[in-house]
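Trainee: 3D model of this:
(one chain, ligands or ions: 1)
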Amino acid sequence: MQLYSTKNSSTRVSFKDAVFNSMPQDKGLYMPVTIPRLDDKFLNNLDQYTLPEIAFHVAQNLIGDDIPADDLKAIIHDAINFLAPVVKLEENIYVLELWHGPSLAFKDFGARFMSRVMSYFLEEGEKQLDVLVATSGDTGGAVALGFLGVPNTRVTILYPKGKVSDIQELQLTTNGQNIRAVEVNGTFDDCQALVKHAFTDKELNEKFRLTSANSINIARLIPQTFYYFNAYAQLLKQGISKAIFSVPSGNFGNIGAGLLAWKMGLPVEHFIAATNANDTVPEYLKSGVYQPKPSVATLSNAMDVGDPSNWVRIADMFKEDVNVLKALVSGFCYNDEETLEAIKFINDNYNYVACPHTAIAWQALRDYQQDNYKADTAGVFLSTAHPCKFPDVFPESISAKIDVPEQVENLHKKEKQHAALGKDFVGFKRYLLENE
Ligand SMILES: *Cc1c(COP(=O)(O)O)cnc(C)c1O
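Mentor: Down below sits the predicted model:
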């Protein structure tokens, strides 16, 4: 597999280099030089395959010889060891549950695959890999659990004090082993700034082999295509061959992977980009003007992004024909009040509890179907996290119904451990140097 930068189409790097560097020097994003179209035999018979089989076929077509077949198979079986079921709620409304992994959010797909690929590429005797990651909640948990116990790696997670939910904080701070958590007295943006600063610090880079685990890494994007193919396979099993997907979107990695799957031949009729008040992309799809804005805080905080970092990948995939993109993707945005109404409707009508991000995707699907209903087309909205991760959002009558998974109950028995730092870089650098 060869990759180029969206800012310079003549660059070429290997998959391994793209995985370890995350981002090209020119600050573009890596994209595969060829996006292979999968063979019809596979696409027409998706319902005959399991999720790991689908994942292997898709990944092998993209990655090629960079990871030999048996090794790739082993990575996939280890990383994708949970299901992504499609559940019917009513005629032509289905929910794709992506939170059956260890951190209870869809980010497990990307983080678990990436951690194993990094570990695979680390050669014997190489310096330990130091992963630095800033999180507003879900990323940190997925990355921590993805790397937990992975040899020759260490993860440092920075999270903003008082701004992650109790369960998220437990997921970040109770791991031990090769995972350490740093509580920063500041915002998510401060955490992000500390990480970015560390990557440009000469002394730190001489001492440590630093890498990032954020959502722009190509090894996080690839595994997110798997569940689109697998969802379509589940629909085929029920005799349904037409589908639209509604995706709750923040940094646009999730829907970007869906569009990559479409480019590889997955016959999706339409995509819906569902956002909260951070509506840069829905505005663009309406007006044709891409105007990034500062992010605003909402109830669906994993989507509080004013300048989605993966958007350049989507723009790049459709650079030859923007009109194809505009016909394929619709944008919808909702405020917090509408999010709460959607949560209530889903609870009252389907007896189903959706997290705030998921509820936005459902509302967008419903609004799209108002004007574009087709009896032969299944609408699928993606559920990106288990509702127990956002307990403060729900009224008591709904939160009482949430089944808390066993792994969360167990978290409460573990001891929380974290360092506490200010938002100044000098303090963070000292912490890294003194805790080798
Ligand atoms: C990260 C996240 C999103 C946003 O996904 P993107 O790939 O950044 O668009 C949506 N919902 C939840 C629960 C998340 O954790």
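Trainee: was I right about Pro267 contacting Leu43?
Mentor: Yes - Pro267 is within contact range of Leu43, at 7.2 Å (criterion: Cβ atoms under 8 Å). For every residue, glycine as well, the C-beta is placed using N, CA and C.
Trainee: ok, the residue of the stretch 51-200 of the chain found nearest the ligand - contacts?
Mentor: Nearest residue of the stretch 51-200 of the chain to the ligand: Asp138, at 3.3 Å (Cβ to the nearest ligand atom). Asp138 is in contact with 103, 105, 107, 168, 302, 385, 389, counting by Cβ atoms under 8 Å, 6 or more residues apart in numbering.
Trainee: thinking again about what came up before, more neighbours: Pro267 and Leu43, which one.
Mentor: Each of Pro267 and Leu43 has its neighbours counted (other Cβ atoms under 10 Å); Leu43 has more, 17 against 11.
Trainee: output the contacting helices and strands for the stretch of helix or strand the more buried one belongs to.
Mentor: Element membership for Leu43, per DSSP states H and E: helix 40-44. The helices and strands touching helix 40-44, judged by 3 or more Cβ pairs under 8 Å, 6 or more residues apart in numbering; DSSP states H and E, number zero.
Trainee: helix, strand, or coil at the closest residue to Lys293 other than its chain neighbours?
Mentor: Distances taken as Cβ to Cβ, 6 or more residues apart in numbering put Gly306 closest to Lys293, at 4.3 Å, once the chain neighbours are dropped. Following DSSP: H, G, I helix; E, B strand; the rest coil, Gly306 is assigned to coil.
Trainee: swap in Tyr368?
Mentor: What three-state DSSP gives for Tyr368 is helix.
Trainee: next: Ala18.
Mentor: If you use three-state DSSP, then Ala18 falls in the helix class.
Trainee: separation between Gly253 and Met303?
Mentor: Separation of Gly253 from Met303 (Cβ to Cβ, to the nearest Å): 11 Å.
Trainee: scratch that, Tyr94
Mentor: Taken as Cβ to Cβ, the span from Tyr94 to Met303 is 21 Å.
Trainee: what's the answer for Gly28, then?
Mentor: From Gly28 to Met303 the distance is 23 Å (Cβ to Cβ).
Trainee: please apply the same query to Glu126.
Mentor: In terms of Cβ to Cβ, Glu126 sits 36 Å off from Met303.
Trainee: one more: Ile398?
Mentor: Taking Cβ to Cβ, one finds Ile398 at 20 Å from Met303.
Trainee: what about those two, which has more around it?
Mentor: Shown here are Ile398 and Met303; by other Cβ under 10 Å, Met303 has more neighbours (25 against 18).
Trainee: quick check on the residue most central in space within the chain: phi, psi?
Mentor: Nearest to the mean C-alpha position of the chain, counting by Cα atoms, centre = their mean, stands Lys107 at 4.1 Å. Lys107 has phi and psi values of phi -60, psi -10 when expressed as degrees, to the nearest 10.
Trainee: wait, it sits on Thr139?
Mentor: Yes - if you go by Cβ under 8 Å, Lys107 and Thr139 touch, sitting 5.8 Å apart.
Trainee: tell me the residues of the stretch 301-436 of the chain that contact the ligand?
Mentor: Within the stretch 301-436 of the chain, the positions near the ligand by Cβ under 6 Å from any ligand atom are 302-303, 357, 384-385.
Trainee: run through the residues of the stretch 51-200 of the chain sitting next to the ligand.
Mentor: That would be 105, 107, 138, which are the residues of the stretch 51-200 of the chain within reach of the ligand (Cβ under 6 Å from any ligand atom).
Trainee: mind listing the strands in this structure by residue range?
Mentor: 2-5, 8-14, 30-32, 86-90, 93-97, 129-134, 153-160, 179-184, 209-212, 243-248, 270-275, 329-333, 378-383, 419-421 (DSSP state E).
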